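# prediction below, plus the sequence it came from.
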Amino acid sequence: MNTSSSVFDTLIDRSGMCSDKWSKYPDNVIPMWVADMDFDSPDCIKKALHQRVDEGVYGYTHTPKALVAAIQSHLKTRYSWEVSATNLVHLPGLVCALHLSVRIFSDEGDGIVVPGPVYYHLTKAPLLAGRDLTSVDMVIEKDRWVPDMAQFEAACAKSNSKMILLCNPHNPGGTVYTKAELISIHALAEKYNLIVVSDEIHCDLVLDGLPHVPFASLNHDAANRTITLMAPSKTFNVAGLGYAFAVIENAELRAEFNQGKTGLVASPNMLGLTAAIAAYEHGQEWHKELLVYLAKNRDFLEERLAPTPMKMLHLEATYLAWIDVSGLSLEDPYQFFLDAGVGVSNGKDFGNSNYLRLNFGCPKTTLEQAIIRIEDALKKHGLM
């Protein structure tokens with residue numbers, strides 16, 4: 001497939017698509033909140049979906065062997081991680097697996113350790129299950145967001161601690177954990193005998209060629225205590241098709257997980273399976289061009305924010321900018337942006353009301369229009 005950045009410059013009218021992203025705000029607001037890109041999916045996915053739909057029968061469907069092989073090839077090629085077919089668990093989504101993992105592998109009152117601010121389902125999962133959420137502050141070191149390791153150890157050392165919920169690459173903040181950083185986290189998990197649930201849904205969205213290291217690939221012990229969660233949904237913008245997968249190498253943990261989801265978690269969507277095969281088998285060139293485009297959007301956003309009182313660290317991964325708006329001294333930064341015509345994610349939903357999260361996974365013209373609205377609002381209120 002031949003593609004170019006012009007594919008990502010195309011403006012798509014999503015107003016009639018029952019899009020969560022584009023239905024949340026009035027028409028005069030540019031939505032830049034939920035992790036959903038405004039790009040057309042790769043031709044290979046559209047072609048595969050058309051072919052499957054044309055078959056005309058949509059009955060109960062099991063996971064095709066072609067998908068298992070495509071995932072194995074993808075993980076080996078990109079991350080040098082060899083995964084047995086037996087260790088794969090196929091799911092209708094990643095969020096349900098987060099919540100399920102907490103409920104299966106811990107009891108009420110057990111401690112769940114979560115570095116944050118973080119994607120809100122990593123904190124919702126323990127709280128909704130009646131677990132003891134122990135938050136670990138993410139701090140800035142050398143212009144990167146990393147966990148405060150002294151806090152991390154203190155949290156893991158608590159007598160009721162049972163599990164670590166890790167987000168790698170981190171959302172928000174975009175940190176791609178180095179192997180050395182992951183080894184330090186693993187040392188805590190091993191020392192205090194904690195299960196690790198690693199949300200790695202953004203692993204294919206590393207923007208600067210940094211290596212993503214799956215936590216479970218560190219060593220035998222890490223593999224034996226980790227539930228890794230991945231999906232093609234964020235990378236190829238197919239979240240609405242309902243497919244994700246877990247890698248669980250410990251047979252006992254895998255059996256518990258499968259038993260716990262029986263009757264509660266549906267099988268993956270048939271079209272989600274189809275899209276995943278096409279993405280992992282034929283989407284590499286589109287994916288490569290996507291990363292180039294996103295990196296340019298990130299750099300453009302950094303450049304335009306630099307003269308303002310807002311601060312944004314260099315994002316290593318994801319298309320979700322984590323912007324420090326404390327310098328604006330606003331009572332409600334989220335509402336300020338909304339009044340300016342830009343609908344972002346409220347930082348307090350992730351754990352820090354001094355920040356806003358902005359999705360730049362969109363054509364550059366859309367991003368530029370949003371920035372102009374923000375700049376105009378800042379000038380109007382004497383903040384720039």
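Structure received. Numbering: from 1, shown residues only.
# what pLDDT does Met384 get?
On pLDDT, Met384 comes in at 83.
# around the residue nearest to it when sequence neighbours are not counted, how many other residues sit close by?
Leaving aside its sequence neighbours, Met384 sits nearest to Leu378 (CB to CB, 6 or more residues apart in numbering; 3.7 Å). To be clear about C-beta, it is placed using only N, CA and C from the backbone, and glycine gets the same treatment. Leu378 has 18 neighbours, counted by other CB atoms under 10 Å.
# do the same with Thr262
As a burial measure, Thr262 scores 8 neighbours (other CB under 10 Å).
# ramachandran angles for it?
Main-chain torsions, Thr262, degrees, to the nearest 10: phi -60, psi 130.
# gap between it and Asn171?
29 Å (CB to CB, to the nearest Å).
# try Tyr58
Tyr58 sits at a distance of 33 Å from Asn171 (criterion: CB to CB).
# skipping its backbone neighbours, what lies nearest Asn359 in space?
Asn359's closest residue in space is Met32 (CB to CB, 6+ apart), at 4.6 Å.
# got it, and Ser101?
Nearest non-adjacent residue to Ser101, counting by CB to CB, 6+ apart: Val197, 4.6 Å away.
# what's the longest strand belonging to the chain packed up against?
Criterion DSSP state E: the longest strand present in the chain is strand 132-141. Applying 3 or more CB pairs under 8 Å, 6 or more residues apart in numbering; DSSP states H and E, we find strand 132-141 packed against strand 111-116, helix 121-128, strand 144-147, helix 149-157.
# let's have the ones you listed in JSON lines, adding mean pLDDT, distance to Asn237 and mean neighbour count.
Below are the helices and strands packed on strand 132-141 laid out as JSON lines (pLDDT from 0 to 100; distance: least, CB to CB, whole Å; neighbours: other CB atoms under 10 Å):
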{"stretch": "strand 111-116", "mean pLDDT": "98", "distance to Asn237": "26", "mean neighbour count": "26"}
{"stretch": "helix 121-128", "mean pLDDT": "98", "distance to Asn237": "19", "mean neighbour count": "19"}
{"stretch": "strand 144-147", "mean pLDDT": "98", "distance to Asn237": "25", "mean neighbour count": "21"}
{"stretch": "helix 149-157", "mean pLDDT": "98", "distance to Asn237": "33", "mean neighbour count": "17"}
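# and these: which comes nearest Arg14?
Distance to Arg14, taken as CB to CB, is lowest for helix 121-128 among those, at 23.6 Å.
# contact partners of that closest one?
95, 98-99, 101-102, 112, 114, 116, 132-133, 135, 165, 167, 199, 351 (CB atoms under 8 Å, 6 or more residues apart in numbering).
# mind running it again at 6 Å?
Val95, Leu98, His99, Val102, Ile112, Val114, Leu133, Leu165, Cys167 (CB atoms under 6 Å, 6 or more residues apart in numbering).
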